[in-house]
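S.K.: Structure of the sequence below:
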Amino acid sequence: MIERELARVFDRVAEAYDAARPHYPDEVFHALPEITGVALAGATVADVGAGTGILTRALRAHGARVVAIDPGAEMLAFLVSRTAGTGTAGTSASGTGTYGTGAVLGDGNALPLADGSVDLVTYAQSWHWLDPVVSITEARRVLRPGGAMAACWNLADAGQAEWLAAYEARLSAEAPRYWGPAHREWRVPPIAAAFEVLEERWIPWTRLVGLEDFLLDLRSHSYMAALPAGRADDLVARRRAELLEVFPDGMLSVPMRVYLAVGR
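M.R.: Just a heads-up that it's a prediction; the model follows:
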């Protein structure tokens, strides 16, 4: 039920998600094989909650054979349209035909893959939407001996810039479903407690992004998708005016960090 509701939320913002969500820095793809011992070139990877394919395409660029799995039909449609050589398939309990098509409409709590069929299971901005026990049990089921799980989140680092902390605080005040660094209780998802962690790593980087793309990224978040359209438009207009006072040329320098957790 949660997966279906979530798919509907993100399908509504699929275009914004695809156009404006940040990519992952190269350091992530250096760290993955170093920590897991799984070389990306030639590996079979299940990218769970793949969305529009931001991590999927990067993994493919590093030589991996990727099965992209997501419950959102619109999200996967963008993934297929943006990823050369991919097609879609329906959910298949056996995984038959999956690897040839590349993108599968499916649930991370019931992976449409055969037992022992992949080298690496990845979750990019997605594991926190899944059942913390069932999803990891499923990942273990589909992994080959020596395989690994890796989860990553691309996060704005509000502690590094006063303007960003103020921006997050205003979002918290105006978007009822906001969940992020402006909340004292906010923490990274507790995936480290869900599987045997080999390593947790924080990877800092700086995102240079135009104002309109930054605001389009804002629209792609679930707490924004939950707002009525007019209210969301008003919130974005206020953020635009405030950010132009800090960045009058319309180009933002955003401190970021990737939280990467890897386990077996």
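S.K.: Please pull out the lowest mean pLDDT helix or strand from this structure.
M.R.: Lowest on mean pLDDT, DSSP states H and E among the helices and strands of the chain sits helix 98-101, with a mean of 37.
S.K.: give me the element Ala166 is part of.
M.R.: helix 162-174 (DSSP states H and E).
S.K.: Which elements pack onto that helix?
M.R.: On a contact count with 3 or more Cβ pairs under 8 Å, 6 or more residues apart in numbering; DSSP states H and E, helix 162-174 meets helix 229-246. In short, each C-beta sits where N, CA and C put it, glycine included.
S.K.: from the chain's centre, how far out does stretch 190-201 sit?
M.R.: Stretch 190-201 sits 17 Å away from the centroid of its parent chain (Cα atoms, centre = their mean, to the nearest Å).
S.K.: Give the rounded mean pLDDT of that stretch.
M.R.: The average of the pLDDT scores along stretch 190-201 is 85.
S.K.: Extract the CA atoms of that stretch and return them as PDB.
M.R.: C-alpha atoms of stretch 190-201 as PDB (Å, rounded to 0.1, in the frame of the first residue of the first chain):
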ATOM      1  CA  PRO A 190      19.100   3.900  10.000                       C
ATOM      2  CA  ILE A 191      20.300   1.500   7.400                       C
ATOM      3  CA  ALA A 192      23.500   0.900   9.300                       C
ATOM      4  CA  ALA A 193      21.400  -1.000  11.900                       C
ATOM      5  CA  ALA A 194      19.600  -3.100   9.200                       C
ATOM      6  CA  PHE A 195      22.600  -5.000   7.900                       C
ATOM      7  CA  GLU A 196      26.200  -5.900   8.800                       C
ATOM      8  CA  VAL A 197      28.000  -2.700   7.800                       C
ATOM      9  CA  LEU A 198      31.400  -2.800   6.300                       C
ATOM     10  CA  GLU A 199      31.800   0.900   6.200                       C
ATOM     11  CA  GLU A 200      29.900   4.200   6.500                       C
ATOM     12  CA  ARG A 201      31.400   7.100   4.600                       C
END
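S.K.: Show me the contact partners of that stretch.
M.R.: Outside of stretch 190-201, the residues within contact range by Cβ atoms under 8 Å, 6 or more residues apart in numbering are 31, 35-36, 123, 127-128, 132-133, 135-136, 139-140, 148-149, 151, 259-264.
S.K.: coming back round to it: quick check: buried residues in the helix holding Ala166?
M.R.: Across helix 162-174, burial judged by 16 or more other Cβ atoms under 10 Å covers Trp163, Leu164, Tyr167, Glu168, Ala169, Leu171, Ser172, Glu174.
S.K.: Take the residues you listed and write them to TSV, including distance to Val45 and pLDDT.
M.R.: TSV is the format used below for the buried residues of helix 162-174 (distance: Cβ to Cβ, whole Å; pLDDT from 0 to 100):
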residue	distance to Val45	pLDDT
Trp163	37	98
Leu164	32	97
Tyr167	34	97
Glu168	32	97
Ala169	37	97
Leu171	33	96
Ser172	35	96
Glu174	38	96
